[in-house]
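K.L.:
generate coordinates for the sequence data below:
(chains A and B)
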Amino acid sequence: QKEVEQNSGPLSVPEGAIASLNCTYSDRGSQSFFWYRQYSGKSPELIMSIYSNGDKEDGRFTAQLNKASQYVSLLIRDSQPSDSATYLCAVNMLSGGSYIPTFGRGTSLIVHP
Amino acid sequence: DAGVTQSPTHLIKTRGQQVTLRCSPKSGHDTVSWYQQALGQGPQFIFQYYEEEERQRGNFPDRFSGHQFPNYSSELNVNALLLGDSALYLCASSFRGEDYEQYFGPGTRLTVT
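P.N.:
Predicted coordinates for the structure are as follows:
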């Protein structure tokens, strides 16, 4: 069964630190990877997409992709209490000839002052 | 620029009943995907509509059906409701299909009693 795995956490970091969120996936043929942020009681909000091996930076966020290791991560620099949320990793995985968006269970991040 | 909208916000139904949820995509988007999110879980892909046709489908029974209208809006229908159908139902829109960034609506909270 094709899966996306995330540590459920919670991951607790002090304000100003770097938060590192990790995700592994089972389908070696996956080409599209996404990170979403979901505040409690709200819907997911797209943070970043990444399609090629390496790093992609957007403000305080950096996504890292390693297709050989089937691993994608999200770094949040200068973490703020407002970053406290659940972070969802999503991978488009091949199923029945089509790519199906597959989400992990999410990692809960707590940034404490 | 209007984002993704969904209606209703909350809904309470009785086991065995039928329900219809509605979604309007973000301006400029033509693809709508539906997800079910149980508490503490990541969103699970139900199906995707593009050009008024179901393009991909996740592992959901035929009780779940949908429709897309010429204006790209979409409906999700669930027949013969079960207690286990209680969840947050999310609609996400994107441009031209499966491999693009998706933007989520606020969701419909369905409770089946």
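K.L.:
how close does the residue nearest to B:D85 when sequence neighbours are not counted get to B:C23?
P.N.:
Using CB to CB, 6 or more residues apart in numbering or on different chains and skipping residues adjacent in sequence, the residue nearest B:D85 is B:V112, 5.2 Å away. (Each C-beta comes from the backbone N, C-alpha and C, glycine too.) Distance of B:V112 to B:C23, computed by CB to CB, to the nearest Å: 20 Å.
K.L.:
neighbour count winner among those two?
P.N.:
A count of neighbours by other CB atoms under 10 Å in any protein chain shown puts B:C23 above the other of B:V112 and B:C23, at 27 against 19.
K.L.:
just grab the bridge partners of the nearest residue to that one once chain neighbours are set aside for me.
P.N.:
Computed as CB to CB, 6+ apart, the closest residue to B:C23 that is not its neighbour in sequence is B:C91, at 3.4 Å. Beta bridges link B:C91 to B:W34, judged by DSSP bridges.
K.L.:
now do the contacts for B:Y89.
P.N.:
Residues counted as contacts of B:Y89 (CB atoms under 8 Å, 6 or more residues apart in numbering or on different chains) are B:Q6, B:L21, B:W34, B:Y35, B:Q36, B:Q37, B:L76, B:G107, B:T108, B:R109, B:L110.
K.L.:
could you redo the last one with a cut-off of 7 Å?
P.N.:
Contact analysis of B:Y89 by CB atoms under 7 Å, 6 or more residues apart in numbering or on different chains lists B:L21, B:W34, B:Q36, B:L76, B:G107, B:T108, B:L110.
K.L.:
wait, is the first one part of a strand?
P.N.:
This points to B:L21. Yes. Under DSSP: H, G, I helix; E, B strand; the rest coil, B:L21 sits within a strand.
K.L.:
so how many other residues sit close to it?
P.N.:
21.
K.L.:
show the contacting residues for it.
P.N.:
Per CB under 7 Å, 6+ apart, neighbours of B:L21: B:Q6, B:E75, B:L76, B:Y89, B:T108.
K.L.:
ok, what's across the strand from it?
P.N.:
Beta-bridge partners recorded for B:L21 (DSSP bridges): B:L76.
K.L.:
got a pLDDT number for it?
P.N.:
You'll see B:L21 listed with a pLDDT of 98.
K.L.:
now it: how far from B:A87?
P.N.:
Distance, B:L21 to B:A87, using CB to CB: 11 Å.
K.L.:
check the second one too.
P.N.:
B:W34 sits 11 Å away from B:A87 when distances are taken as CB to CB.
K.L.:
spell out which residues of chain B are next to chain A.
P.N.:
B:33, B:41-43, B:45, B:55-56, B:58, B:90, B:98-99, B:101-107 (CB under 7 Å from any CB of the partner chain).
K.L.:
what subset of the residues you listed is buried?
P.N.:
B:33, B:42-43, B:45, B:56, B:58, B:90, B:98, B:102-107 (16 or more other CB atoms under 10 Å in any protein chain shown).
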